[in-house]
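Participant: Need coordinates for the following:
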Amino acid sequence: MAFAGWMGMLVTMLNLLPIAQLDGGHILYAAVPRAHAARRFFFVVVILLGYFSKSWLVWAFVVLLLSRGQFAHPPVLDAYRPLPKSRIWLLVASLVLFALTFTPAPSP
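Facilitator: This is a model prediction of the structure:
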């Protein structure tokens, strides 16, 4: 049961990475629509984390493959409207969740 919980937290953390079409990428785009450099920066960070665990390199390859080599976000109807306060709380909650579940060397 503990392994299943650990695996669930790991998958949640991977999904919250602010890269491409992952949920973290959608959150980053909602907060800062013109954050192209940030998405590339986090991709480079994931590659550098490959020093601690080779699974990061696999994850970087999967993200690169699924995003077809583009870190751009598809356009939305109203990208210039600021986030309401309720959404900012969700942004903060997702950042806290990512920070709590992040591990540089994921291994069971």
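
Participant: what residues are up against residue 47?
Facilitator: When contacts are counted by C-beta atoms under 8 Å, 6 or more residues apart in numbering, residue 47 touches 56, 57, 60. For glycine as for every other residue, the C-beta is placed from the backbone atoms N, C-alpha and C.

Participant: and if we set it to 6 Å?
Facilitator: Residues near residue 47 by C-beta atoms under 6 Å, 6 or more residues apart in numbering: residue 60.

Participant: Please put the alpha-carbon coordinates of the helix or strand where it lies into CSV.
Facilitator: Secondary structure from DSSP states H and E places residue 47 in helix 36-48. Only the C-alpha atoms of helix 36-48 are listed here, as CSV (Å, rounded to 0.1, in the frame of the first residue of the first chain):
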residue,chain,number,x,y,z
HIS,A,36,8.4,30.4,-23.3
ALA,A,37,11.9,30.7,-21.7
ALA,A,38,10.6,29.2,-18.4
ARG,A,39,9.3,26.0,-20.2
ARG,A,40,12.7,25.5,-21.8
PHE,A,41,14.5,26.2,-18.6
PHE,A,42,12.5,23.5,-16.8
PHE,A,43,13.1,21.0,-19.6
VAL,A,44,16.9,21.7,-19.2
VAL,A,45,16.5,21.2,-15.4
VAL,A,46,14.9,17.8,-16.0
ILE,A,47,17.8,16.8,-18.3
LEU,A,48,20.3,18.0,-15.6
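
Participant: how far is that helix from where the chain is centred?
Facilitator: Distance of helix 36-48 from its chain centroid, counting by C-alpha atoms, centre = their mean, to the nearest Å, is 10 Å.
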